[in-house]
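Visitor: take this sequence and fold it.
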Amino acid sequence: MNQQETYRLGLVSISFRKHTPEEIIKAVKSAGLTCIEWGSDVHAPCKDTDRLQKIAALQKEYGITCSSYGTYFRLGVTPLDELADYIAAAKILGTNILRLWGGTKKGEDMTAEELEAFTDTCRRAAAMAEEAGVILCLECHMLSITETPDHAVSLMETVNSPAFRLYWQPFQWLDAEGSLAVAKAYAPFAEHVHVFNWQPPKMAPAKYPLSEAADEWRAYLSVLPPPRTLLLEFMPDDRIETLPAEAEALRAIIGG
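Guide: Numbering: from 1, shown residues only. Now for the predicted structure:
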């Protein structure tokens, strides 16, 4: 079985916050992608049942699935009892994977007491997820526990639950070699991958076409083999019209 048969290719909806869910679904279908990670901030608020059900109906109409629910639930900050609302929303959308955020600090900036409390919260969240039959995945991002591999991997090993996993994406401030090292560390725990081409200039990261980072992405995916879901996030020009070109670049990278 080749990579094209086993990677699922999709889009993160927050790439196009100004567009409606129907416009995004149509664009995904037209670009030959099969799934969407819906963001809870704009497109799919967890308590808006009517909107969630409309999105689910549109997915069915166009033959698109929900890969994951991209929440802004922040472990250690958002009250844990609110997690049930996000789990219920994910199930309406038809996914068992929720993206969460891991606190507000990298591990080395936490005190021992803060780290212990945060780990306990993660254990309790994982237990809730196991009971509900879903998987919680931490966003790979700065100013969170996942900023550094040592603490992210340690957390995964300590919580030790099939319902508590990671995402991976290149860190925008690292070069390709540094990002590859992080990808290798996260690979045993990584469910989904956010795909984009941000290069780290001195002042702020800048976005470029994915085709210009084809070699880097082939290296990343060599340590993140299928089956996984690859989700395009952020167009180089922020335009929905650019999605087909980025989708084609991703297919070329995986050899399809």
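Visitor: how about the helices in the stretch 51-200 of the chain?
Guide: Applying DSSP state H, counting those that start in this stretch to the stretch 51-200 of the chain gives helices spanning 83-93, 112-132, 149-159, 176-186.
Visitor: quick check: which of these is buried the most?
Guide: helix 83-93 (a mean of 20; mean count of other CB atoms under 10 Å). The C-beta positions use only the backbone N, C-alpha and C, and glycine is treated the same way.
Visitor: ok, and what's touching it?
Guide: For helix 83-93, contacts defined as CB atoms under 8 Å, 6 or more residues apart in numbering pick out 38, 40, 44-47, 49, 52-53, 55-56, 59, 66, 68-69, 71, 73, 96-98, 125, 128-129, 132, 134.
Visitor: quick revisit: any chance of the helices of the stretch 51-200 of the chain in JSON lines, plus distance to residue 141?
Guide: Compiled in JSON lines, the helices of the stretch 51-200 of the chain are given as follows (distance: least, CB to CB, whole Å):
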{"stretch": "helix 83-93", "distance to residue 141": "18"}
{"stretch": "helix 112-132", "distance to residue 141": "15"}
{"stretch": "helix 149-159", "distance to residue 141": "11"}
{"stretch": "helix 176-186", "distance to residue 141": "12"}
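Visitor: hang on, the earlier thing: in strands only, show me the contacts of helix 83-93.
Guide: Using DSSP state E, the subset of the contacts of helix 83-93 located in strands is 38, 66, 68, 69, 71, 73, 97, 98.
Visitor: filter those residues down to the buried ones.
Guide: Among the ones in strands among the contacts of helix 83-93, those scoring as buried are 38, 66, 68, 69, 71, 73, 97, 98 (criterion: 16 or more other CB atoms under 10 Å).
Visitor: find the pair from those residues with maximum spatial separation.
Guide: 66 and 73 (16.7 Å; CB to CB).
Visitor: list the contacts for the closest residue to residue 146 other than its chain neighbours?
Guide: Excluding the flanking residues, the one nearest residue 146 by CB to CB, 6 or more residues apart in numbering is residue 152, at 4.5 Å. Contact analysis of residue 152 by CB under 8 Å, 6+ apart lists 102, 107, 138, 140, 145, 146, 166, 185, 186, 189.
Visitor: I figured the first one was touching residue 140, is that so?
Guide: It refers to residue 102. No. Under the criterion of CB atoms under 8 Å, residue 102 is not in contact with residue 140, lying 9.2 Å apart.
Visitor: buried stuff in stretch 130-149?
Guide: 132, 134-141, 144-149.
Visitor: now, which of those sits nearest residue 255?
Guide: Taking these together and measuring to residue 255 by CB to CB, the closest member is residue 140, at 24.4 Å.
Visitor: return the residues in contact with that closest one.
Guide: 146, 152, 166, 167, 168, 169, 171, 182, 186, 194.
Visitor: what's the per-residue pLDDT of it here?
Guide: In the prediction, the pLDDT value recorded for residue 140 is 95.
Visitor: the residue nearest to residue 17 when sequence neighbours are not counted and residue 93, how far apart?
Guide: Take residue 17 and drop its neighbours on the chain: the residue closest to it by CB to CB, 6+ apart is residue 42, 4.9 Å away. Plainly put, residue 42 is 14 Å away from residue 93 if you go by CB to CB, to the nearest Å.
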